[in-house]
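Student: Give me the fold of what follows.
(chains A and B)
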Amino acid sequence: MIIILTSRLIGDSNKGSLITSGTKKRPDGRAFDELRPLKIEAGVLERADGSSYVEIGDNKVLAAVYGPRELHVRRLLKPNMAILRCRYNMAPFSVEDRKRPGPDRRSVEISKITAEALNPAVFLEKFPRSTIDISIEVLQAEGGTRCAGITAASVALADAGIPMRDMVAACAAGKADGQVVMDLSEWEDKEGEADLPIAMMPRTGDITLLQMDGHLTSDEFEKALDLAIKGCKIISEEQKNAIKNRYGD
Amino acid sequence: MLLVEDKQIVVPGEILAEGDYHSGRGTFKEEDKVCSSLVGLVAVRDKKISVIPLQSKYIPKRGDVVIGEVTDIRFSMWNLDINSPYSGILPAAEVFGKEKRELNRAFNVGDVLFLRVVDVDEVKKVKLGLKGRGLGKFRGGILINITPTKVPRLIGKKGSMINMIKDQTRCEVVVGQNGVVWVKGKPEMERVVQKVVKTIENEAHTSGLTDRIRDMLLELLGEKTEKTTEQQENKEEDEFEEKLIQ
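Tutor: Have a look, this model is predicted:
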């Protein structure tokens, strides 16, 4: 009798916190404004001009940069600036069920938005008639791979010695289980109400990517955007450390 | 107000100084702030701040001497790979003058040449030439690629580093400003030079490098002289093949 009573009490108090404070624990035990464990390494590949490896939660992403180099596809060349090409690819073993290899609608979209998110940061006009190629491989996916991909790509660009206005950092926020949270996990992304990935240049605060799917009220959107920006700033610090660590400080 | 120290490692977007400072190489100015655009080491000269990159591609500049490999022969010019985003062209007139000769008799695909950048136009078309002392085709030897920004470090103050390597290994060493290094000597000495050059590239941003390289050379050569004591007489070979035009 007493046992039943206490369990009901606990249940009640949980419900209460949901409505009032909005800071209940998430399925993986994180606070609403906490990132997953983050690890960034620069210069991991020997053959590419620049490379990086990013782990955020269970995401494992590898990025490689080639160039600036000569481009032989005449119609793509720009006489006054370089072009930035990006290829995002998920390994067949990156998800639970085997992913069919090759480009699909999703990866084509992410390739495009990644290139567009990085474009404003790179001094493309310094390398007319050339191309910079970025390759992003997702080795293991656990929600938020596009953000991990952009974060990795910008570290790889810096590692390749390509001049940039700032290092682009990307982070998602969203709403899951009735609560606005930072850095959605795979479960929160699938079961949650909304997902809002952004990419930004932290020094100036310019946002270079903003996507949203799901539903948010305008208040919730503001809150999610603030959380995502906060996430980007934390990630950006880690990016800088990764580059500096490469040269043994 | 200066926010960084001399020789500090900075990353793209890092604010280097605010207010009355000029932006040098590897930096850009936004409002009154000077920011780094590269991963590199800060160099402050009076009021001018620059960042020396740790990694870069070679951008051709008029007057540079470079080492290139012939990749293609066209009707009246050679195409050369000069380890850069832009390939170079060597017009036949630069080699033959007004005379008309078959191009593949002079240089074939795969030949390695020592050239001068004659002109770079606004669309980065790179015109190369062979007129000058020591320019021409290399015979034999090996090529080593390094990051172009580390070329000054490899040469050292007034050539101190490169001359030390040349003297100690008795190899001929030619450094192009595009980061290509040509080495010719006894095969085992070539390998020593390759090792040393790679070490210089990796440790270019540290101080006291010349002394460490001297120690490294002595150590490597100590082993070598024990093994090959008999072959000490060096056959000095010609530095380059004479220019083919004469």
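Student: Name the single longest helix found in chain A.
Tutor: helix A:218-246 (DSSP state H).
Student: Give me the buried positions along it.
Tutor: Neighbour counts over helix A:218-246 (16 or more other C-beta atoms under 10 Å in any protein chain shown) mark A:220-221, A:223-225, A:227-229, A:231-232, A:234-236, A:238-240, A:242-244, A:246 as buried. For the C-beta atoms, the positions are set from N, CA and C on the backbone; glycine is no exception.
Student: Out of those, which are close to chain B?
Tutor: Residues of these in contact with chain B (C-beta under 8 Å from any C-beta of the partner chain): A:239-240, A:243-244.
Student: In JSON lines: those residues, plus pLDDT.
Tutor: Shown next, in JSON lines, are these (pLDDT from 0 to 100):
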{"residue": "A:Q239", "pLDDT": "96"}
{"residue": "A:K240", "pLDDT": "96"}
{"residue": "A:I243", "pLDDT": "95"}
{"residue": "A:K244", "pLDDT": "93"}
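Student: and which of these is nearest to B:V34?
Tutor: The nearest member of those to B:V34, counting by C-beta to C-beta, is A:K240 at 17.5 Å.
Student: OK, contacts around the closest one?
Tutor: By C-beta atoms under 8 Å, 6 or more residues apart in numbering or on different chains, the contact set of A:K240 is A:167, B:11, B:14.
Student: Tell me how far the second one lies from B:V4.
Tutor: Going from B:V11 to B:V4 by C-beta to C-beta, to the nearest Å gives 11 Å.
Student: More neighbours: those two, which one.
Tutor: Comparing B:V11 with B:V4 by neighbour count (other C-beta atoms under 10 Å in any protein chain shown), the higher total belongs to B:V11, at 24 against 18.
Student: Outline the domain layout of chain B.
Tutor: Under the assignment automatic domain parsing, the domains of chain B span B:9-53, B:65-137, B:142-228.
Student: Isn't A:P92 up against A:R100?
Tutor: Yes. Look at A:P92 against A:R100 with C-beta atoms under 8 Å: they come within range, at 7.3 Å.
Student: what about the two, which has more around it?
Tutor: A:P92 (11 against 8).
Student: Distance check, the more buried one against A:R98.
Tutor: Using C-beta to C-beta, one obtains 5 Å as the distance from A:P92 to A:R98.
Student: CA atoms only for the longest helix anywhere in chain B - export them in PDB, please.
Tutor: Ranked by residue count, the top helix of chain B under DSSP H comes out as helix B:209-227. In PDB, the C-alpha atoms belonging to helix B:209-227 read as follows (Å, rounded to 0.1, in the frame of the first residue of the first chain):
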ATOM      1  CA  LEU B 209      65.900  24.100 -35.600                       C
ATOM      2  CA  THR B 210      69.300  24.500 -37.300                       C
ATOM      3  CA  ASP B 211      71.200  23.100 -34.400                       C
ATOM      4  CA  ARG B 212      68.900  20.100 -34.100                       C
ATOM      5  CA  ILE B 213      69.200  19.400 -37.800                       C
ATOM      6  CA  ARG B 214      73.000  19.600 -37.500                       C
ATOM      7  CA  ASP B 215      72.800  16.900 -34.800                       C
ATOM      8  CA  MET B 216      70.400  14.800 -36.800                       C
ATOM      9  CA  LEU B 217      72.700  15.000 -39.900                       C
ATOM     10  CA  LEU B 218      75.800  14.000 -37.900                       C
ATOM     11  CA  GLU B 219      73.900  11.100 -36.400                       C
ATOM     12  CA  LEU B 220      72.600   9.900 -39.700                       C
ATOM     13  CA  LEU B 221      75.900  10.300 -41.500                       C
ATOM     14  CA  GLY B 222      77.800   8.600 -38.700                       C
ATOM     15  CA  GLU B 223      75.900   5.400 -39.500                       C
ATOM     16  CA  LYS B 224      76.400   5.900 -43.200                       C
ATOM     17  CA  THR B 225      80.100   6.400 -43.100                       C
ATOM     18  CA  GLU B 226      80.700   3.200 -41.200                       C
ATOM     19  CA  LYS B 227      78.800   1.200 -43.700                       C
END
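Student: buried residues in that helix?
Tutor: Neighbour counts over helix B:209-227 (16+ other C-beta under 10 Å) mark B:209, B:213, B:217, B:220-221, B:224 as buried.
Student: Now do that helix: everything it contacts.
Tutor: Identification of contacts with helix B:209-227 by C-beta under 8 Å, 6+ apart yields B:153, B:156, B:160-161, B:164-165, B:168-169, B:188-189, B:192, B:195-196, B:199-200, B:203, B:232.
Student: and if we set it to 10 Å?
Tutor: For helix B:209-227, the surrounding residues in contact (C-beta atoms under 10 Å, 6 or more residues apart in numbering or on different chains) are B:153-154, B:156-157, B:160-161, B:164-165, B:167-170, B:186, B:188-189, B:191-193, B:195-197, B:199-200, B:203, B:206, B:232.
Student: any weak-confidence spans in chain A?
Tutor: A:1-23, A:249 (pLDDT under 70).
Student: can you map out the strands along it?
Tutor: In chain A, the segments counted as strands under DSSP state E are A:38-42, A:50-56, A:59-70, A:83-90, A:130-140, A:169-176, A:179-182, A:194-201, A:206-210, A:213-214.
Student: Give me the helices and strands touching the shortest one, please.
Tutor: Going back to what we said before, that points to strand A:213-214. The helices and strands touching strand A:213-214, judged by 3 or more C-beta pairs under 10 Å, 6 or more residues apart in numbering or on different chains; DSSP states H and E, are strand A:169-176, strand A:194-201.
Student: That's all I had, so thanks and see you.
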